[in-house]
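Asker: Need coordinates for the following:
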Amino acid sequence: MIRFCLQCLKTKKACICKWITPISTEIELIILQHPTEAKRPLGTAKILSLSLANCRTFIGENFTEHSELNQLLSDDNYQHQVLFLDNTSQVISSASNTSEKKQRVILLDGTWKKAYKMWQLSTNLHSLHKVHLDTELSGNYRVRKAPKDNALSTAEAGYHVLSQLDNESIASETADKFGSILTAFDNMIEFHISQMPEGVYQKNYRSE
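Answerer: Residues are numbered from 1 along each chain as shown. Next up, the predicted model:
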């Protein structure tokens, strides 16, 4: 008997597919995922890859010689940006697209320490325009410890990136085009909390 969903690769009991809604956007996301993150049952990158046709995931730590990624980065029809906060990165916005080119945004999927190592090793990323999200944003990743209150899961980061860059989303004052990403994320978190023994979540994760 197959114990895992063949689409989301999570256990059938924890399958997230019922919460996924396909979304169309011209913005492309490339997720560079640390190998340890790929094995986590609470990994959220899968929400993005299942929701978005324009999303690719590559697994590794050093992507300098990654042929498929380098081929994408060499495509001059796209403006490439990497989401990486440091003292030289700029807040991402629709204005960060300095040309009429289509846009690709690279997300590093891993703990901050592992994402930083991925950045250091992957020298092919160093020439790309670095962007970051509003540092006042707060995440809802309630079942994983985070070094800062404003730390976001990969799904949340992807949601905010798309909301900032997608012209249709920016133009709409009422509809949340990418809201189903957060809905799937929140439902996944709620499910895992419901599976914890009584008192575990309150003791280990919840802060009063």
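
Asker: Any figure for the gap between the residue nearest the centre of the chain and residue 126?
Answerer: The centre of the chain sits closest to residue 154, judged by CA atoms, centre = their mean, with a distance of 2.8 Å. Separation of residue 154 from residue 126 (CB to CB, to the nearest Å) stands at 21 Å. No exception for glycine: its C-beta is placed from N, CA and C like everyone else's.

Asker: Equivalent analysis for residue 70, please.
Answerer: Applying CB to CB, the value for residue 70 to residue 126 is 13 Å.

Asker: Now the top helix by length along the chain: buried residues?
Answerer: Looking across the chain with DSSP state H, the single longest helix is helix 179-195. Judged by neighbour count (16 or more other CB atoms under 10 Å), helix 179-195 contains these buried residues: 180-182, 184-185, 188-189, 192.

Asker: distance of residue 84 from residue 166?
Answerer: To residue 166, residue 84 is 21 Å away according to CB to CB.

Asker: scratch that, residue 186
Answerer: The spacing between residue 186 and residue 166, counted by CB to CB, is 21 Å.

Asker: Counting neighbours, what do you get for residue 72?
Answerer: Residue 72 sits with 17 neighbouring residues when counted by other CB atoms under 10 Å.

Asker: List the contacts of it.
Answerer: 30, 56, 78, 80, 104 (CB atoms under 8 Å, 6 or more residues apart in numbering).

Asker: show me where this structure has helices.
Answerer: For the chain, the helices defined by DSSP H occupy 35-38, 45-51, 67-73, 112-121, 154-165, 167-171, 179-195, 200-204.

Asker: now the longest one and helix 154-165, what's the angle there?
Answerer: Right, the one you point to is helix 179-195. Relative orientation of helix 179-195 versus helix 154-165 (axes from the mean of the first three to the mean of the last three CA atoms, to 10 degrees): 160 degrees.

Asker: helices or strands up against helix 179-195?
Answerer: Secondary-structure packing of helix 179-195 (3 or more CB pairs under 8 Å, 6 or more residues apart in numbering; DSSP states H and E): helix 45-51, helix 154-165.

Asker: And for the shortest one?
Answerer: With contacts defined as 3+ CB pairs under 8 Å, 6+ apart, there are no secondary structure elements packing on helix 35-38.

Asker: now do the second one
Answerer: The helices and strands touching helix 45-51, judged by 3+ CB pairs under 8 Å, 6+ apart, are strand 28-33, strand 55-59, helix 154-165, helix 179-195.

Asker: Kindly format the C-alpha coordinates of that helix as CSV.
Answerer: Extracted as CSV, the C-alpha positions of helix 45-51 are listed here (Å, rounded to 0.1, in the frame of the first residue of the first chain):
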residue,chain,number,x,y,z
ALA,A,45,7.7,25.0,-0.7
LYS,A,46,5.4,22.3,-2.1
ILE,A,47,2.4,24.6,-1.7
LEU,A,48,4.0,27.0,-4.1
SER,A,49,5.1,24.4,-6.6
LEU,A,50,1.7,22.8,-6.7
SER,A,51,-0.2,26.1,-6.9
